[in-house]
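Novice: would you be able to build a 3D model of this:
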Amino acid sequence: MNSVVSARPAAESAESGGGRGITLTAGELIALQARCRAFWLPARQPSRSALAGPHQSRFRGRGVDYLESRYYVPGDDIRNMDWRVTARTGKPHTKVFQEERERPVMVVVDRNPSMFFGTRRRLKSVQAAHIAAAAGWMAITRGDRIGGVVFGGGVHHEIKPAGGRRGAMRLIQQLVRWCNPDRQDGGTDAFSDTLQRLRNVVRPGSLVILISDFFALDEDCSRHLSRLVQHNDIVGCQVIDPAERFLPDGQFPISDGEQQAVLNTRNRRQKDRFASVALAHQEEPKKMFQRYGARWLPVATDESGVDRLGMELRRSRAFG
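Specialist: Below you'll find the model as predicted:
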């Protein structure tokens, strides 16, 4: 489904905004901050950032949490001597601590033509932007840095991770710039190209949230995803419109922007074929992510993506 269609008018809220689910405004994404303060982004992979922060790091040195004791070597800080182990073994030992480091959070947002579609409450592109902005507000609430990648439709724009409100606002600025339907600049870009670039820019120990409908997956995605999960926490967030799961009986004009056709769902064969394709589209990306131990989060356009993301990340203890 690669059409741009009008979403149903949504109720006035921070998530519908002035664009009523079709266009994005900075104001509606900024308004999500208050709702995100209660949520936190957990971590499973130890961070490797060089900046101080609330997450454990693979770096060893002076920090908050005791890790182990080892033999003293010349040059070690005498203030870290483990006198109990030294007395018990008769050999000098020093304590080693686990440092705490700030963690980068990267959101990857798909803006391929299939994302500019919606029949319930908002377009998929708008839902994706809400989820990305929410991830940004949750990240800076925890003291993390937030960055991102917006790709698709001939665009690949990288946002370097930054901390505080400045980092969140930089992300919001690019989401508003690229996730509105008037900025469709090209055809469909393969998801694997973005994953390959992501491997070169993401810092080990990052939390990476991939937000897409995953229509642009190809055979190379599995290889890149398997490499990314080795050193990062990965969340696949599939944005789905209810019409992509089930169509009522009727005749519906459809278009890919160039050609037009009529989909007749009163025809049982066509309806069954549609249901089979829809199920495969939901299950295949899910299996790929779960195969490598990445988390999977489906979000419909007619539900709160902010609440779904926040509750899923807070509920999951697999990260912490």
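Novice: quick one: residue 283 is in a helix?
Specialist: Yes. Under DSSP: H, G, I helix; E, B strand; the rest coil, residue 283 falls within a helix.
Novice: quick check: it vs residue 298, distance?
Specialist: Look at residue 283 and residue 298: by Cβ to Cβ, to the nearest Å, they are 11 Å apart. Where you see a C-beta, it was placed from the backbone N, CA and C, and this is true even at glycine.
Novice: hang on, isn't residue 151 packed against residue 108?
Specialist: Yes. Contact criterion Cβ atoms under 8 Å: residue 151 and residue 108 qualify, at 7.1 Å.
Novice: how is this structure carved up into domains?
Specialist: Following automatic domain parsing, one finds the domains of the chain at 26-46+103-315, 55-101.
Novice: which of those domains has the lowest average pLDDT?
Specialist: In terms of average pLDDT, domain 55-101 trails the rest of the domains of the chain, at a mean of 77.
Novice: now residue 235: phi and psi?
Specialist: With angles defined as degrees, to the nearest 10, residue 235 sits at phi -120, psi 120.
Novice: shift numbering so it begins at 44
Specialist: In the new count, where the first residue is 44, that last one comes out as residue 278.
Novice: specify the beta-bridge partners of it.
Specialist: residue 252, residue 338 (DSSP bridges).
Novice: ok so, going back, residue 326 and residue 341: which is more packed in?
Specialist: The neighbour comparison of residue 326 against residue 341 (other Cβ atoms under 10 Å) goes to residue 341, with 15 against 10.
Novice: helices and strands around the host helix or strand of the more buried one, which ones?
Specialist: Element membership for residue 341 (DSSP states H and E) is strand 338-343. Secondary-structure packing of strand 338-343 (3 or more Cβ pairs under 8 Å, 6 or more residues apart in numbering; DSSP states H and E): strand 276-283, helix 311-334, helix 348-358.
Novice: now for these, which one comes closest to residue 72?
Specialist: The closest of the helices and strands packed on strand 338-343 to residue 72 is helix 348-358. By Cβ to Cβ, the value is 10.3 Å.
Novice: for that closest one, buried residues please.
Specialist: For helix 348-358, a neighbour-count test (16 or more other Cβ atoms under 10 Å) marks 348, 349, 351, 352, 353, 355, 356 as buried.
Novice: so which two of those residues are the farthest from each other?
Specialist: 348 and 356 (12.3 Å).
Novice: any idea how far the residue nearest to residue 229 when sequence neighbours are not counted is from residue 156?
Specialist: Nearest non-adjacent residue to residue 229, counting by Cβ to Cβ, 6 or more residues apart in numbering: residue 197, 2.6 Å away. In this structure, residue 197 and residue 156 are 10 Å apart, going by Cβ to Cβ.
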